[in-house]
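Asks: following is a predicted model, sequence given first.
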Amino acid sequence: MFRHAKKALEQGARALKNSQLQQQRFLNGAQLMSQYGINVPPGIPVFKLDQLDAAVQKMKNDEGLVVLKSQILAGGRGLGTFTNGLKGGVHICKAEEAPKLAKQMLGATLVTKQTGAHGKPVNTLYVANKMELKREMYFAILLDRQTAGPVMIGCSEGGTSIEDLAEKYPDKIIKIPIDIRTGITDEQAMQMVEGLKVTTDKKAAAEQIKGLYNLFVEKDCTMVEVNPLAETSDRMVAADAKLGFDDNAAFRQKELFDMRDESQEDPREVAAHKYDLNYIGLDGNIGCMVNGAGLAMATMDIIKLRGGAPANFLDVGGNASEEQVVAAFKILTGDNQVKAILVNIFGGIMRCDVIASGIVNAAKQVGVKVPLIVRLEGTNVEEGKRILKNSDVAIIPATDLDDAATKAVESLA
């Protein structure tokens, strides 16, 4: 039933890559990882160009080389392109070349496979010491639905996206599920080390793996991705990493969430978060406002079945206030790709007459200029329909979900 909506959500999640509903990412991963004894390259964050020279002088190696890393909440930076034409979001350069490169990078917009076409603003550069890396690997810890717990994923080849790795080296992908109740064992850590084909101190490498797992658990992570996980001549180093955190844990991870950089997120999701709305932007042109995640999925599915394309997933919850409905309308009408809006509400906890009044008042406040299709069902539904009919707002009523989806698609013709 929900296969079309599921596919659309997966596409949207990939396009947004990480401003997803249940996770937020932050730029201070190296500092956080070092707290758990994880080896990371020395580096200094730079926010303004006048801070660059001191950082470069401190981080350059004996050959006068330094690494400039664009700090955005997305992967694929090395192969990305700035909108100003500069190729690559990560550069190894001579110290004297750093100012010219930094001027092109800092404050510019970087587009990668994971940012979408609009890219992400580079508000911070990480000036790092260039380390001599012997080889690169891939390592991640994710939440696995199948095993209902964390799973470690590794590959002895790294430095590019896991999708490319899985396609090129499917036999090299290692997956080790962890029992969340007992945690990682010495045997599992060593199993991963062997799978990664570590050539340096294997016992020390296993401790690094355990440190990454401890970080994952204690900081309520949804993801810890180290790419590349590298080896120098004598140790294993997390050369670059991406961390995700469960926003349900914000109340006990206050320091982490205080570092949240909203400029890196979809502004629509930022606005939705402020009003406790669940929102994911998609690529279609029919805006959806629904109460309940299951009903929202079904609504998106039927829109697809009727030949349309949902512009978003937007769940206002089972007890939405008029203020939340107004906020939802503002998000939908502020999206230029939305050419019609479908409101599908089941009045269970709330009465349909109260919901209808909220929809009418919100539509008046916002000034909806695209076709507005509304389907109501539940308690006091007849009174709710009467309110919609007698309002001076141009509303297209629908009798059921299929009728609503059909009318939404037809309104675009």
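Replies: Alright, I've got the coordinates. Numbering: from 1, shown residues only.

Asks: the longest helix in this protein is where?
Replies: In the chain, taking DSSP state H as the definition, the longest helix is helix 202-218.

Asks: show me which residues of that helix are buried.
Replies: Ala205, Ala206, Glu207, Gln208, Ile209, Lys210, Gly211, Leu212, Tyr213, Leu215, Phe216 (16 or more other C-beta atoms under 10 Å). C-beta coordinates here come from the backbone N, C-alpha and C atoms, glycine included.

Asks: any idea which helix or strand comes after that helix?
Replies: Counting by DSSP states H and E, the next helix or strand C-terminal to helix 202-218 is strand 221-231.

Asks: hmm, back to that, pick the one among the buried residues of helix 202-218 closest to Gln31.
Replies: Of all these, Leu215 has the smallest distance to Gln31: 11.8 Å, by C-beta to C-beta.

Asks: how about the closest one: what's its closest non-neighbour residue?
Replies: Nearest residue to Leu215 in three dimensions, chain neighbours excluded: Tyr36, at 4.6 Å (C-beta to C-beta, 6 or more residues apart in numbering).

Asks: residues in contact with the one you found?
Replies: Residues in contact with Tyr36 (C-beta atoms under 8 Å, 6 or more residues apart in numbering) are Gly211, Leu212, Asn214, Leu215.

Asks: helix or strand: which one has it?
Replies: Going by DSSP H and E, Tyr36 is not in any helix or strand.

Asks: check the gap between it and Ala405 for me.
Replies: As judged by C-beta to C-beta, to the nearest Å, Tyr36 and Ala405 stand 49 Å apart.

Asks: with distance to Thr147 added, can I get the contacts of Tyr36 in a markdown table?
Replies: Putting the contacts of Tyr36 into a markdown table (distance: C-beta to C-beta, whole Å) gives the following:
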| residue | distance to Thr147 |
| --- | --- |
| Gly211 | 22 |
| Leu212 | 18 |
| Asn214 | 19 |
| Leu215 | 20 |
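
Asks: of all these, which two lie farthest apart?
Replies: Spatially, the most separated pair among the contacts of Tyr36 is Leu212 and Asn214, at 7.3 Å (C-beta to C-beta).

Asks: how about Ile178: what's its closest non-neighbour residue?
Replies: That would be Pro150: by C-beta to C-beta, 6+ apart, it lies 4.6 Å from Ile178.

Asks: right, I mislabeled it, should have said Asn39
Replies: Residue nearest to Asn39 in three dimensions, not counting chain neighbours: Val237, with 4.5 Å by C-beta to C-beta, 6+ apart.

Asks: my read: that neighbour touches Ala205, true?
Replies: No. Between Val237 and Ala205 there is no contact under C-beta atoms under 8 Å: 10.3 Å.

Asks: per-residue pLDDT, Ala238?
Replies: What the model reports for Ala238 is a pLDDT of 94.

Asks: residues contacting it?
Replies: Shown in contact with Ala238 (C-beta under 8 Å, 6+ apart): Met33, Ile38, Asn39, Val40, Gln208, Leu212, Val226, Leu229, Ala230.

Asks: rebuild those residues as JSON lines, extending it with distance to Leu401 and pLDDT.
Replies: Shown next, in JSON lines, are these (distance: C-beta to C-beta, whole Å; pLDDT from 0 to 100):
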{"residue": "Met33", "distance to Leu401": "47", "pLDDT": "92"}
{"residue": "Ile38", "distance to Leu401": "50", "pLDDT": "96"}
{"residue": "Asn39", "distance to Leu401": "54", "pLDDT": "95"}
{"residue": "Val40", "distance to Leu401": "51", "pLDDT": "92"}
{"residue": "Gln208", "distance to Leu401": "52", "pLDDT": "98"}
{"residue": "Leu212", "distance to Leu401": "45", "pLDDT": "97"}
{"residue": "Val226", "distance to Leu401": "44", "pLDDT": "93"}
{"residue": "Leu229", "distance to Leu401": "48", "pLDDT": "95"}
{"residue": "Ala230", "distance to Leu401": "52", "pLDDT": "95"}
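
Asks: ok, and the most crowded of these?
Replies: Leu229 (30 neighbours; other C-beta atoms under 10 Å).

Asks: separation between that residue and Ala327?
Replies: Between Leu229 and Ala327 the distance is 42 Å, computed by C-beta to C-beta.

Asks: how about Gly317?
Replies: In this view, Gly317 and Ala327 are 12 Å apart by C-beta to C-beta.

Asks: give me the common contacts of these two.
Replies: Leu277.

Asks: tell me which of those two has more neighbours.
Replies: Neighbours were counted for Gly317 and for Ala327 using other C-beta under 10 Å; Ala327 has more, 22 against 17.

Asks: and that one, how close does it get to Glu377?
Replies: For Ala327, the distance to Glu377 - C-beta to C-beta - is 23 Å.

Asks: then Val354?
Replies: From Val354 across to Glu377, the span is 14 Å (C-beta to C-beta).

Asks: before we move on, what about Thr109?
Replies: 44 Å.

Asks: picking up where we left off before, residues in contact with the longest helix of the chain?
Replies: Contacts to helix 202-218, defined as C-beta under 8 Å, 6+ apart, come from residues 32-33, 36-39, 139, 141, 150, 152, 178, 180, 183-184, 186, 189-190, 192-194, 196, 198, 221, 224, 226, 235-236, 238.

Asks: ok, 7 Å please
Replies: Helix 202-218 has contacts (C-beta atoms under 7 Å, 6 or more residues apart in numbering) with 33, 36-39, 141, 150, 178, 184, 186, 189-190, 192-193, 198, 221, 224, 226, 235-236.
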